[in-house]
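*Asks:* Attaching a predicted model along with its sequence, questions to come.
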Amino acid sequence: MLGGRFAFGLAGGSTLRRLAAVVLTGTALLSGCSTEGNSGDPLQIANSLEPARPARSPAQSGTPEGAVLPLGRATAVVVAGDRVAVAVAEPPSVLLYPLDTLAGPTVVPLPGPAERLTALDGAVEAPVPGSGVVVTVRADGTTAERKVDGGPVDVAVVAGRTVVARRDAKLVGVDDRVVTGVSSPDQVVGVGDEAVVLDRPRSAVFDLRLSADADPDGGPKLGAGLRAGDGATSMVADRYGRVLVVDTRGGELMAFSVDPLIMRQRYPVPGAPYGMAYDPRRDLVWITLTELNQVVAFDVAGGEPVEKHRFATVRQPDSVAVDPGSGRVFVASGDGQGMQVIGT
């Protein structure tokens, strides 16, 4: 399980020491050996919980790489089929840009701001937590809306099942069933037949088992939970069956395997890492650094992440997406400074 491409950084003494520290930390957390706080929750290390947020970016000191398209305050960006979809806060809407020209976006109004966007079969899923709906935005700008109570914030389709993180209700919906046990389900990603849920306030990840043998009646079941640094904010799944997570407070990139859920590696990424996107064709994970107004790309195919690209960005680069076909990268500003297009 620890060999080959399933783990980062198994070559060299310093890396082995980092991995040993990770294993010991995970064991202590699972056994409930928390010395701070009094909640009785082994994953909570403070009396009060505050999720990590993107660092406030300084004024730009460099010229952003590539081209910058004018855009209001963006909350999310994703590539879906032949479109780049950007969620903006004012007015709440999704803008659809054709990938070939990036001109004349189609503006699709939303009933409220969307925190995340998910690409599914060429369309875009836009959960609107304040309105309790998930809006499906098709490539031609038409929409379909479904009611989802409990503050939906993220959507994934895993092994043919629709999984919705419902933060206000403190549960995860799996088709017509619900799974409790995560106090703040903020993001969900699929890894094979399983899912992983991120709880930002606790800076923890949870294994959500969806397979038929997870429960006697064939229902989904919440599995293990592990701390993920000091302030985890974003995660993506890669093609090797891992979940990559950034710790914004701690300045790290972490890798987890699933079934069982185990932290495999922690790699330093200074600069308040926040937004993430994964390019499966090039095995690059793109990470925005909001403290530095930069975006960095690491090759994650080998034993340890290797930096391949680093570019100056628009101010407040909170969101990033990548087109796996062309390799182009889209960085959206959370401060109204536009969407940056980087051709690599």
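*Replies:* Noted; the coordinates are in hand. Residues are numbered from 1 along each chain as shown.
*Asks:* which ones are touching Lys147?
*Replies:* 132-133 (C-beta atoms under 8 Å, 6 or more residues apart in numbering). Every C-beta, even on glycine, is put in place using the N, C-alpha and C of the backbone.
*Asks:* What's opposite it in the beta bridge?
*Replies:* Under DSSP bridges, the beta-bridge partners of Lys147 are Val133.
*Asks:* Quick check: the gap between it and Pro324.
*Replies:* 33 Å (C-beta to C-beta, to the nearest Å).
*Asks:* Ok, Pro109 next?
*Replies:* 29 Å.
*Asks:* Comparing those two, which residue is more hemmed in?
*Replies:* Pro324 (14 against 10; other C-beta atoms under 10 Å).
*Asks:* tell me which element Gly223 falls in.
*Replies:* Following DSSP states H and E, the helix or strand that holds Gly223 is strand 221-227.
*Asks:* and that strand, what's its mean pLDDT?
*Replies:* Predicted confidence along strand 221-227 averages 93 (mean pLDDT).
*Asks:* Work out the sheet partners of it and label each with its direction, please.
*Replies:* When DSSP bridges is applied, strand 221-227 pairs with strand 204-209 (antiparallel).
*Asks:* quick one: the strand it pairs with to chain centroid distance?
*Replies:* Relative to the chain's own centre, strand 204-209 is displaced by 14 Å; criterion: C-alpha atoms, centre = their mean, to the nearest Å.
*Asks:* So what touches that strand?
*Replies:* Under C-beta under 8 Å, 6+ apart, the answer for strand 204-209 is 43, 163, 172, 174, 179, 181-182, 188, 194-199, 215, 220-228, 232, 235, 243, 245, 256, 258-261.
*Asks:* how about a cut-off of 6 Å?
*Replies:* Contact with strand 204-209 is made by 43, 182, 194-198, 221-228, 258, 261, as judged by C-beta atoms under 6 Å, 6 or more residues apart in numbering.
*Asks:* out of those, which are buried?
*Replies:* 43, 182, 194-198, 221-223, 225-228, 258, 261 (16 or more other C-beta atoms under 10 Å).
*Asks:* Which one of these is nearest to Gly303?
*Replies:* Comparing these against Gly303 with C-beta to C-beta picks out Val258 as the nearest, at 19.5 Å.
*Asks:* which ones are touching that closest one?
*Replies:* 191, 194, 207.
*Asks:* Same check on Leu261?
*Replies:* Applying C-beta under 6 Å, 6+ apart, the residues contacting Leu261 are 207, 224, 226.
*Asks:* pLDDT wise, what is the residue lying closest to the second one once chain neighbours are set aside at?
*Replies:* Spatially, and ignoring its direct neighbours in sequence, Ala224 is nearest to Leu261 (4.5 Å; C-beta to C-beta, 6 or more residues apart in numbering). Leu261 is assigned a predicted lDDT (pLDDT) of 95.
*Asks:* List just the nearest of the contacts of Val258 to Thr63.
*Replies:* For the contacts of Val258, the nearest to Thr63 is Val191 (38.1 Å; C-beta to C-beta).
*Asks:* Next, count neighbours for the closest one.
*Replies:* The burial count for Val191: 21, using other C-beta under 10 Å.
*Asks:* Wait, it touches Asp238, no?
*Replies:* No. Counting by C-beta atoms under 6 Å, Val191 does not reach Asp238; the two are 8.9 Å apart.
*Asks:* Leu110: what's its closest spatial neighbour, skipping adjacent residues?
*Replies:* Pro92 (4.3 Å).
*Asks:* try Arg177
*Replies:* That would be Gly219: by C-beta to C-beta, 6+ apart, it lies 5.5 Å from Arg177.
*Asks:* From Leu208, how far off is that neighbour?
*Replies:* Taking C-beta to C-beta, one finds Gly219 at 11 Å from Leu208.
*Asks:* For these two, indicate the residue with more neighbours.
*Replies:* Leu208 (29 against 15).
*Asks:* Could you report the separation of the residue nearest to Ala224 from Asp238?
*Replies:* Leu261 is 15 Å from Asp238, by C-beta to C-beta.
*Asks:* ditto for Gly62
*Replies:* Taken as C-beta to C-beta, the span from Gly62 to Asp238 is 29 Å.
*Asks:* Which one of those two is surrounded by more residues?
*Replies:* Higher neighbour count among Gly62 and Asp238: Asp238, with 19 against 11, using other C-beta under 10 Å.
*Asks:* Who are the contact partners of the more buried one?
*Replies:* Tyr278.
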